[in-house]
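> Next one to model:
(2 chains)
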Amino acid sequence: MRLKIKLFSHVLRHGLYPLSFHFTRQLASSSSSSSSSSSSSSFSQELATNLQILCSTGHLDYALTDMARLGLQMKFHEYDTLINECVKQKSLRGGQRVQAHMIKTQYTPSVYLGTRLLILYNKCDCLWDAQQVFDEMPDRNVVSWTDLMSAYSKKGYASEALNLLVKMLRSGTEPNEHTFSTALTCCTGVYGLEHGMQIHNLTIKTSFQSHLYVGSSLLDMYAKAGEIHEARLVFEDLPQRDVVSCTAIISGYAQLGLDEDALKLFHRFQKEGMASNYVTYASVLTAVSGLAAYETGKQIHSHILRSKLPFYIILQNSLIDMYTKCGQLNYARKVFDKMSERTVISWNAMLVGYSKHGMGTEVSNLFELMRKENKVKPDKVTFLAILSCCSHGHMENKGLQVFDEMMSGKDGIVPDIEHYGCIVDLLGRAGKLEKAFEFIKKMPLKPNPAILGSLLGACLVHSNLDIGETIGYQLLEIEPENPGNYVILSNLFASKGKWDNVRMIRNLMEIKAVAKVPGKSWIEIDQTLHTFHSGDQSHPKMELVYGKMKELLVKLKEYGYCPDLSRVLYDVDDEQKEKIVLGHSEKLALVFGLIFSPKGKAIRIMKNLRVCVDCHSFAKVVSRVCEREVFMRDKNRFHHIVNGVCSCGDYWVFHLTSTDAERPCNHDLLVGIDMYIFSIGRSQMKDPATTI
DNA sequence: GTAGGGTTAG
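Next up is the predicted model:
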């Protein structure tokens, strides 16, 4: 027999396979001198052996032919071998033939074989067929239930998957660790936490909560529900950890924007000797991107290179994203250009990067290249990046043309509310408010607060009370918790001298007790992040910062910088006002960078909200006087300032000064934060009670 | 046999 296999393998290797069974039979009979005639049963036995050999050598089609020849002689072992090979090759056709053979020969598969068939269909992405097999099974076991559940979950049918869990428990089948880890991945969305907690209870009752896989799913479930504290407790309670559980907790922090915690954990795990894989790095890079911690990002990139990981597309995408968010477009482009294969996310990450930097030409060229290569189709995000860039870069015609291109349906994309939002923003910024309003009325989707807010902002910039009032009241109704809406509407009324309306909005805001997000800025020096708040005194080097600020101010004033005191809402003298304005978090971070980074090195500052107009002017003058390149990343975009000129083109500053120097810019107000929230020029104020 | 963590946009 050993000789037979050896010879047969040789034949297979040398391409003489079509002789198939007859050939092997001859080999078998010539190697056996004891018998010259084969009985029917030994014939079947040889056929069955042949089938095994064919499967073990990956010749599924021939094995299936042997199955047909075997007819009623097909038994458990042969079916099992065949199905295993079908699973290995993900052969749907093979599975269908095996199942058809079972039906034809009236073979009743065991629970095990039925489950293998079900697994096969799921591997071939045929959920419907799997469900059919499942429905026809007289008995099921934990594997059948769990695999079907997993298939529903992978297809995104989380509630169907959870329904299966309930049915399984009702049927009396006991769940195992696979069942729980699968079930927990279904616990996302509105009822995710509620269901997840119930499953958590079950895992405690069945003592599975400390299982490594179950624990990872559990902590991930809590993190995705925003319950990071609970996730951390589960993680700390795990009796053992591995790269997946460690990555899950890092990613949990990163996805919630708790980037510093994510990085701290990563560094801790590294010290403890934990191995990282590409998922770990992708998660850490998300945190680095959030913080724009360029030096840390570079270090992690070199770690990745040293670790000799294969060039995973996902990891390269994360690197592109990290570099663009750190303002290093050249590095991002290098990673992008070196990719041997790209997904739509690679293109999008690069396009979004250019878009955030207002680089319209680069966005346009890259999109053209994407079309030319024609390997990857653009998706909704691609168009969002392009439309958003057109909107910020005053490319009205180009934006409308791209929108039409998307609407033509050639890419099979149905525009989302965000795409319509870009067009409203585009028209609003261009001052075409009536057109934007009409566009909103005609669009097939219900306008969301972002769209209405964008138009309201444009109404303030372009002084249109008619549309602004209509939109503003709608907005206060559907988004009463956003302070920006109240402030913009109030300013719009104030700009037209409608003080009663201003007072009314102010009262409304007080009644609703609208919360404001505190502004903060940060800078990375030697891989350490230094965070500042308005008027900050907490940083140990603050004395140095204020000293430098004082010294700098003399020079800056010589170059024409004058702190904009009109934006301070407190009723204090000018000296105090100047102190407040100079205490803005962006300025503190910038001056800190001037002191603690080498001369001539670019300074990179991040802010969690929109940058204030005065800080923007301050940074521009600093870049000239101190001969420093300044990168400021705010909530919405990048400001790359070189020798007093900013890449943003001062769009909103332009509107502020060209129409009314005292009037606040809408973005500044949308921020709704720091110490300068209400910024109507006091010289305009006729009624002191109108000061918020 | 079945199971856990990941990348762009808003």
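
> Name the surrounding residues that touch stretch A:174-192.
The contact list for stretch A:174-192 (CB atoms under 8 Å, 6 or more residues apart in numbering) reads A:142-143, A:145-146, A:149-150, A:152-153, A:158-159, A:161-162, A:165, A:168-169, A:193, A:195-196, A:199, A:202-203, A:206, A:208, A:211, A:213-214, A:216-218, A:220-221, A:224-225. The way it works is simple: take the backbone N, C-alpha and C, and place the C-beta from them, glycine included.

> Separate out the buried members of the residues you listed.
A:143, A:145-146, A:149-150, A:152-153, A:158, A:161-162, A:165, A:168, A:193, A:195-196, A:199, A:202-203, A:206, A:208, A:211, A:213-214, A:216-218, A:220-221, A:224-225 (16 or more other CB atoms under 10 Å).

> per-residue confidence for the closest residue to A:Ile417 other than its chain neighbours?
Excluding the flanking residues, the one nearest A:Ile417 by CB to CB, 6 or more residues apart in numbering is A:Leu445, at 5.0 Å. pLDDT, A:Leu445: 90.

> Give the phi and psi angles for the residue of the stretch 1-150 of chain A found nearest DNA strand B, as a check.
Residue of the stretch 1-150 of chain A nearest DNA strand B, by CB to the nearest atom of the strand: A:Thr115 (2.2 Å). Phi and psi for A:Thr115, reported as degrees, to the nearest 10, are phi -70, psi -40.

> I'd guessed it sits against A:Asn141; true?
Yes - between A:Thr115 and A:Asn141 there is a contact at 6.6 Å, judged by CB atoms under 8 Å.

> Those two: which is more packed in?
A:Thr115 (25 against 15; other CB atoms under 10 Å).

> tell me the contacts of that one?
A:Met137, A:Arg140, A:Asn141, A:Val143, A:Ser144, A:Asp147.

> Quick one: the helices in the stretch 401-550 of chain A, in order.
Ranges of helices within the stretch 401-550 of chain A are A:417-429, A:433-442, A:449-461, A:465-478, A:483-495, A:499-512, A:542-558, based on DSSP state H, counting those that start in this stretch.

> measure the residue of the stretch 1-150 of chain A closest to DNA strand B to A:Leu452 for me?
54 Å (CB to CB, to the nearest Å).

> try A:Gln132
For A:Gln132 relative to A:Leu452 (CB to CB), the value is 49 Å.

> Have a look at those two and say which one is more surrounded.
A:Leu452 (22 against 15).

> shaky segments in chain A?
A:1-38, A:513, A:515-516, A:566-571, A:651-692 (pLDDT under 70).

> what sits against the residue nearest the centre of chain A?
Nearest to the geometric centre of chain A sits A:Gln255, at 8.0 Å (CA atoms, centre = their mean). Listed by CB under 8 Å, 6+ apart, the contact partners of A:Gln255 are A:Ala223, A:Lys224, A:Thr286.

> same thing with A:Met149?
Per CB under 8 Å, 6+ apart, neighbours of A:Met149: A:Ala161, A:Leu164, A:Leu165, A:Met168, A:Thr179, A:Thr182, A:Ala183, A:Cys186.

> Cross-check the residues you listed against DNA strand B and keep the overlap.
Subset of these in contact with DNA strand B: A:Thr179, A:Thr182, counting by CB under 7 Å from any atom of the strand.

> want to throw the contacts of A:Met149 into CSV with secondary structure?
Converted to CSV, those look like this (DSSP: H, G, I helix; E, B strand; the rest coil):
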residue, secondary structure
A:Ala161, helix
A:Leu164, helix
A:Leu165, helix
A:Met168, helix
A:Thr179, helix
A:Thr182, helix
A:Ala183, helix
A:Cys186, coil
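
> out of the contacts of A:Met149, which one sits closest to DNA strand B?
Once CB to the nearest atom of the strand is applied, the member of the contacts of A:Met149 that ends up nearest DNA strand B is A:Thr182, at 4.4 Å.

> The closest residue in space to A:His357 that isn't next to it in sequence and DNA strand B: what is the separation?
Of all residues not flanking A:His357 in the chain, A:Phe638 sits nearest, at 4.7 Å (CB to CB, 6+ apart). Going from A:Phe638 to DNA strand B by CB to the nearest atom of the strand, to the nearest Å gives 11 Å.

> give me the number of residues near A:Phe638?
A:Phe638 - counted by other CB under 10 Å - has 25 other residues nearby.
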